[in-house]
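Colleague: Attaching a predicted model along with its sequence, questions to come.
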Amino acid sequence: MSEAERDPTRATPPEGEIGRTLFVYRGADRQPLFYVVRPAPDAPVPADGGVTAWGPAPGGRGWRPGLDHLAGPLPLYRLGAVEGDPAAAVIFHPGERDVYRATMAGLAGVHTTTVLGAGHVARTDLSPVRGRDVAVVAEDGAHGAAYAEEVAARAREAGARRVVTLRLDEPDPGAATEVWLHAGGTHAAWAATLEVAGISPSPSADPVAAQLAGAWAAPAPLQAAPSEVVPVAEPSPLPAGQGTAARFDPGLLPEPFRAFVEAAAARAGCAPDLPAVAAMVALAAVAGRALRVRPDPGAAETVVPNLWGALVTDTPVQAGPAVASVLSALDHLEAEAHADFTRAQATWRARRAAYRTAVQAWRRRVRESPPERHALGALAAVYPEPPVRPRRRRHQTATGRVDALVGLLNGSPAGLLLRADDLGAWLRRLARPGHEGERHFLLRCWDGAAPGLDYDGPDGETAHCDHPCLSVLGWTSPEACRRLLSHPETGPAAADLLGRFALLVVAEGPAAEPPEPDGGAGPADTDGRGRMLRVFERLEALVRPGAAPVVPFTPAAAAHGQAWRRALEARLRAGDPLAPHLAAQRKAMPALALLLHAAERADVERGPEAVPLAAAERATAWCDWLVANARRLHGVEAPAVDGARTLLERLAAGELPSPFTVRDVYRRHWTGLGSPDAARAAVAVLERHAYLAAEPVPTTARGGKPTRRYHVHPQVQHQAGHGPAELTLQN
C-alpha cells in the first residue's frame, strides 16, 4: 500500500471548478471550513455517488476526507449570503449546484442548501433562518419529497416565520432547479411560484444575485449554458501582503487616548499605529496584575492583561517622538513613584537612626540587668522592631537581564514594562543555546498569572520573583526580523518568542509628511495628555496587595468572544503558518477588551464592571488588524498576494476582459506579473479567495495544449466603472 493510500491527508485544499465540481462551505468567520467535491455534470457517476467532503485534518496538518472530526452543527452553504441579507426569503435546494445556478441566474431570494445537499440535514445549523420566510424546492420522487419534508421540519424547529414547499412548474414541472433553468425557466415563472406559495417576490439584496439579475422580473428565458463557469461564492478579503500596510482605525483606542495619540502622530508626521500600540502596551503594564478578566463566565480561567508589543519600522527616528510622547505617561508615574520613594526613604532613615539608638539602649539594659533568666527573657520581648526599608515602585526599565528583572519585579506588585530599544538583539541573545532558563522565566512573565517563580541563574544562584508579570515594548526593523527568523540555529526559538508579541505593528516605507501647524491644536493636545495621565493614575490606584479583582464579560460579550475563539481555533487546526501569533491572540483579545473598558471607566472616575459587548467587538477588531500586520512581516504569500492585488485592481479597472487566461496576464507586463510563474501564482490566490473561477478548455481537433479560462466575479466586474479604489482589499 502506498503512502498516499495510508494517509489521504493533503497539504492544500482539493482542486476543482468552483460552482461545477468544487463547493466551499465557510464558517462564521467567512473562512473555508470544509470543501465538497462532486463529479462533473457530464461525467459518469460512480456507484458510491462520487461525492467527497474534505475537512481540516486533526492537528491542522492540512485537509483529509470526511467530516466526522468536525464538532458541533455545520454551517449552511453560502452562510455569508444568508446572514448578509436578513430581509430576504431563504430558498433551500437539494444540492449545491442547484444553488449555484439559481444564484447566478438572479432568482429572487437567498439560495442555500444543507450540508452535502440532501446528505446531512441533521448536522446542519439552521439557526440563521430564525424569524425568516423559508421555501424548500422539492423535486419529484420519494428522495426529493423526503428532503423537502425534513428541511421544512427542521426550519420550523429553528424558529422560521413561515415555511413552504415549492414545486417548480412549467417548462419542466417537478424538476431540479438546474434542470428547470436549462429547460427555459424564467424570472417571471420563479416569481409566480413564490407568490403562489405566499413568499414575497421582492428583489434580493444578495450582491451576486442582484448584480446578475438586473431587472429581475424580466420575462426573458435564462441562459445558463452547462459549460459556463462563473464564481458564486462570496469573495473573502485578501491577506495583507508586504507591499500594502493594514490601516489602523484610531476608533479602536480607548476614547480618552484618541486625541492625544492622533496629535502626537500628526506632530511627528507618522501614522497613528505605532503610538497607538505603545499606548496600549503601556496601559497593559500599569494594569498588569492589578486586574484580571474572565472571558467565559462559566469557566474558572482568568487572564492577566499584560501584553508584549513590537514596533517594526524602517524609520524609528521619525516615529520615536510620537511613541516617547505617549510613553511620557509612564515617565510621569515613575517621577511620582520616585518622589514618594524619596519621602519614604527619608522617613525610613530617621526611623533607622531611632532604631539604632533604641538598640543601644536595649543593650545597656541587658548589661545592667541581673543574670536571672526571667529578666533576660523580659528584655528579649522588648527588643526594638526594625523599620521596613521602602522599595521603589518601578513602572519601566531598559534592562533585559533576568537577574535584574527579578529584583525590579519584586518591588512592582502589578508588574512593569521592559523597553527594548533593540528588540532584535535581545531576542537573538535569548534564542541562543544556553539561555533556556531565561526564556522559561520570560515566558512565565508573559503569562503573568504565576503566584511566584524561582529563577536559577547561570552561576547556580536561585532568585525568587514574587510578581512575575512583564509587559514588553521593543523596536526593530523588518529586515532584522527576517534575518533573525531565517537563522538556522536561533530561528525556531526566536519565532516562538516573537509570536508572543501579540501587539506587533509593521510600518515599512517612507513616513507621511507632517501636517501644517494648527494654532488650535495645542490646547486640545494638552487636554488629551491630561486625560490620558488621569487614566493611568486611576488605574495605578487599583494596585493593592492580595488578590486582584476579576472582571467578567457580559453574556453578550462572552457569546461574541466564544464565537471569535472558535474561529481562531479552526484556523489553528487548519495549519495557519502564523500559528504562534494566532495562539497569542487567545490572551490578547480578552486583555484588550478589559483594557479598553477599564480605561474608559477610569476616565469617568469609576472602577471596571463587566466588560460590555462593544469592548469585546473592538478587541476582536484589534486582533484582526494585528494578524494582518503579522502576515505582512512574515511575508505569508507576500509575492503572490501583492501580484493578486495588482491583478485585482486591473480587473476592477476593466483592463482585462472576462474570461481570460494566464497568458493574457503576463503578456501585458504589469508590475510583478511579467512572468508566467508570477501570473499563475497571482491567479491562484484570486481563485482561492473566490474572485475568479476556472473553466477548463480542452484541446481542439487540431491538437494543442489544454488550458484554463478564468471568469471574474460579478462584484469585481461591477467595479470596472468606479476604479480600484472602491475595492475592499484588506482584512
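Modeller: Cool, got the structure.
Colleague: What are the boundaries of the strands in the stretch 151-300 of the chain?
Modeller: 162-166, 292-294 (DSSP state E, counting those that start in this stretch).
Colleague: Same check on the stretch 551-700 of the chain?
Modeller: 692-697.
Colleague: what residue ranges in it score low on pLDDT?
Modeller: The model of the stretch 551-700 of the chain has pLDDT under 70 over residues 635-639, 697-700.
Colleague: returning to what we had before: now tabulate the strands of the stretch 151-300 of the chain in JSON lines and tack on mean neighbour count.
Modeller: All C-beta spots, glycine's among them, are computed from the backbone N, C-alpha and C. Converted to JSON lines, the strands of the stretch 151-300 of the chain look like this (neighbours: other C-beta atoms under 10 Å):
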{"stretch": "strand 162-166", "mean neighbour count": "18"}
{"stretch": "strand 292-294", "mean neighbour count": "23"}
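Colleague: Between the ones you listed, which has the poorest mean confidence score?
Modeller: Within the strands of the stretch 151-300 of the chain, confidence is poorest for strand 162-166, with a mean of 89 (mean pLDDT).
Colleague: Partner strands of that one and their direction?
Modeller: strand 133-137 (parallel) (DSSP bridges).
Colleague: Show me the contact partners of the partner strand.
Modeller: Contacts with strand 133-137, where a contact means C-beta atoms under 8 Å, 6 or more residues apart in numbering, come from 89-94, 98, 109, 147-148, 151-152, 155, 160-168, 176-177, 194, 197, 199-200.
Colleague: Now which of those residues would you call buried?
Modeller: Buried by 16 or more other C-beta atoms under 10 Å: 89-94, 98, 109, 147-148, 151-152, 155, 160, 163-168, 176-177, 194, 197, 199, out of the contacts of strand 133-137.
Colleague: Now go through the residues you listed and say which are in helices.
Modeller: Counted as lying in helices by DSSP state H, out of these, are Asp98, Tyr147, Ala148, Val151, Ala152, Ala155, Thr177, Leu194.
Colleague: What sits closest to the second one if chain neighbours are left out?
Modeller: Looking back up the chat, that one is Tyr147. Of all residues not flanking Tyr147 in the chain, Ala118 sits nearest, at 4.3 Å (C-beta to C-beta, 6 or more residues apart in numbering).
Colleague: One more: Trp446?
Modeller: Arg500 is the one closest to Trp446 (C-beta to C-beta, 6+ apart), at 5.1 Å.
Colleague: residues contacting the one you found?
Modeller: Shown in contact with Arg500 (C-beta under 8 Å, 6+ apart): Trp308, Leu443, Trp446, Pro580, Ala584.
Colleague: before we move on, what about Pro608?
Modeller: Pro608 touches Leu291, Pro549, Val551, Leu594, His597, Ala598, Arg601, Ala602, counting by C-beta under 8 Å, 6+ apart.
Colleague: gap between the second one and Trp180?
Modeller: What that stands for is Pro549. Distance, Pro549 to Trp180, using C-beta to C-beta, to the nearest Å: 63 Å.
Colleague: now do the third one
Modeller: In this structure, Val551 and Trp180 are separated by 57 Å, where distance is defined by C-beta to C-beta.
Colleague: Those two: who's more crowded?
Modeller: Trp180 (27 against 23; other C-beta atoms under 10 Å).
Colleague: doesn't Leu168 make contact with that one?
Modeller: Yes - shown here, Trp180 and Leu168 form a contact pair, counting by C-beta atoms under 8 Å, at 4.7 Å.
Colleague: Domain map for the chain?
Modeller: Segmentation of the chain into domains, based on automatic domain parsing, reads 3-65, 250-339+393-634, 638-726.
Colleague: so which of the ones you listed comes closest to Thr124?
Modeller: With C-beta to C-beta, the closest approach to Thr124 among those belongs to domain 3-65: 9.9 Å.
Colleague: neighbour-wise, which of the contacts of Arg500 leads?
Modeller: In terms of neighbour count, Trp308 stands highest of these at 28 neighbours, by other C-beta under 10 Å.
Colleague: so that residue sits right up against Leu497, yeah?
Modeller: No - using C-beta under 8 Å, Trp308 is not in contact with Leu497, being 9.1 Å away.
Colleague: residues of stretch 384-395 that come out buried?
Modeller: For stretch 384-395, the neighbour count (16+ other C-beta under 10 Å) marks Pro390, Arg393, Arg394, His395 as buried.
Colleague: Can you flag which of the residues you listed belong to helices?
Modeller: Of those, none are assigned to helices by DSSP H.
Colleague: Looking at those residues, which is nearest Thr462?
Modeller: Thr462 lies nearest to Arg394 out of those, by C-beta to C-beta, at 22.1 Å.
Colleague: could you list every residue that touches that closest one?
Modeller: Glu334, Ala337, Leu408, Gly411, Ser412, Leu416.
Colleague: now, which of the residues you listed lie within helices?
Modeller: Going by DSSP H, the helices hold Glu334, Ala337, Leu408 from the contacts of Arg394.
Colleague: Format those residues as a markdown table; extra columns: pLDDT.
Modeller: Shown next, in a markdown table, are the ones in helices among the contacts of Arg394 (pLDDT from 0 to 100):
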| residue | pLDDT |
| --- | --- |
| Glu334 | 85 |
| Ala337 | 83 |
| Leu408 | 89 |
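Colleague: Compare these and tell me which is most surrounded.
Modeller: Scoring the ones in helices among the contacts of Arg394 on neighbours with other C-beta under 10 Å, the highest-scoring entry is Leu408 at 22 neighbours.
Colleague: Please look at that residue and Gly415 and confirm they touch.
Modeller: No - between Leu408 and Gly415 there is no contact under C-beta under 8 Å: 9.8 Å.
Colleague: which stretches of the stretch 151-300 of the chain form helices?
Modeller: Under the criterion DSSP state H, counting those that start in this stretch, helices of the stretch 151-300 of the chain are mapped to 177-182, 187-196, 207-213, 255-268, 273-287.
Colleague: for the stretch 351-500 of the chain, same thing?
Modeller: 373-381, 402-410, 423-431, 436-447, 478-486, 491-499.
Colleague: Surely Glu301 forms part of a helix?
Modeller: No - using DSSP: H, G, I helix; E, B strand; the rest coil, the assignment for Glu301 is coil, not a helix.
Colleague: Could you report the neighbour count for it?
Modeller: When neighbours are defined as other C-beta under 10 Å, Glu301 has 11 of them.
Colleague: which residues sit in contact with the residue lying closest to it once chain neighbours are set aside?
Modeller: In space, and not counting its chain neighbours, Glu301 is closest to Arg294: 7.1 Å by C-beta to C-beta, 6+ apart. Residues near Arg294 by C-beta under 8 Å, 6+ apart: Glu301, Thr302, Val303, Val550, Val551, Pro552, Phe553.
Colleague: Please state the offset of the helix or strand containing Val317 from the chain centre?
Modeller: Per DSSP states H and E, Val317 falls inside helix 316-368. A distance of 43 Å separates the centroid of the chain from that of helix 316-368, by C-alpha atoms, centre = their mean, to the nearest Å.
Colleague: rewinding a little: as JSON lines, the helices of the stretch 151-300 of the chain with mean pLDDT would be great.
Modeller: Formatted as JSON lines, the helices of the stretch 151-300 of the chain follow (pLDDT from 0 to 100):
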{"stretch": "helix 177-182", "mean pLDDT": "81"}
{"stretch": "helix 187-196", "mean pLDDT": "83"}
{"stretch": "helix 207-213", "mean pLDDT": "40"}
{"stretch": "helix 255-268", "mean pLDDT": "90"}
{"stretch": "helix 273-287", "mean pLDDT": "93"}
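Colleague: Most tightly packed of those helices?
Modeller: Stretch with highest mean neighbour count among these: helix 273-287 (a mean of 29; mean count of other C-beta atoms under 10 Å).
Colleague: and that one, C-alpha only, in PDB?
Modeller: Provided in PDB are the C-alpha atoms of helix 273-287 (Å, rounded to 0.1, in the frame of the first residue of the first chain):
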ATOM      1  CA  ASP A 273      -0.400  52.900  14.600                       C
ATOM      2  CA  LEU A 274       3.000  53.000  16.300                       C
ATOM      3  CA  PRO A 275       2.000  55.300  19.100                       C
ATOM      4  CA  ALA A 276      -1.400  53.500  19.400                       C
ATOM      5  CA  VAL A 277       0.300  50.200  20.100                       C
ATOM      6  CA  ALA A 278       2.800  51.900  22.500                       C
ATOM      7  CA  ALA A 279      -0.200  53.400  24.400                       C
ATOM      8  CA  MET A 280      -1.900  50.000  24.800                       C
ATOM      9  CA  VAL A 281       1.200  48.200  25.900                       C
ATOM     10  CA  ALA A 282       1.900  51.000  28.500                       C
ATOM     11  CA  LEU A 283      -1.700  50.700  29.700                       C
ATOM     12  CA  ALA A 284      -1.200  46.900  30.000                       C
ATOM     13  CA  ALA A 285       1.900  47.400  32.100                       C
ATOM     14  CA  VAL A 286       0.100  49.700  34.500                       C
ATOM     15  CA  ALA A 287      -2.900  47.400  34.900                       C
END
